[in-house]
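>>> Predicted model and sequence follow; I will ask about them next.
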Amino acid sequence: MKYNLTANQVAKIVGCHRNTVLRYEKEGYITSMRDNNNYRRFSNQDALKLKEIVSIRSPKSIGRVYAISEYWKNKKVSVG
């Protein structure tokens, strides 16, 4: 899996703020790797996963967010 997207690029794909990307990373819904300059890099799969999670932002949907997170943990996607 390639980790080639910055937090800003993921935010642009998802349609959210960079801080939202970092918050979901901190909560463990998506993961990043560090590049040689110690910048976070995210995968295309993480961007797609976060886009789906953010699309159901309602507090009543937390169970669905967890289900989506589990689904993406087990899914292998080839993007790009």
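That came through fine.
>>> can you give me the mean pLDDT across the longest helix seen in the chain?
With secondary structure taken from DSSP state H, the chain has its longest helix at helix 62-74. Averaging pLDDT along helix 62-74 gives 74.
>>> Mind listing what's buried along it?
Buried residues in helix 62-74, defined by neighbour count with 16 or more other Cβ atoms under 10 Å: 65, 68, 69, 72. Glycine gets a C-beta too; all of them are placed from N, C-alpha and C.
>>> So which elements touch that helix?
Under the contact definition 3 or more Cβ pairs under 8 Å, 6 or more residues apart in numbering; DSSP states H and E, helix 62-74 sits against helix 44-54.
>>> Three-state assignment for the nearest residue to residue 46 once chain neighbours are set aside, please.
Using Cβ to Cβ, 6 or more residues apart in numbering and skipping the chain neighbours, the partner closest in space to residue 46 is residue 30 (4.1 Å). State at residue 30, reduced to three classes by DSSP: H, G, I helix; E, B strand; the rest coil: coil.
>>> Perfect, that will be all.
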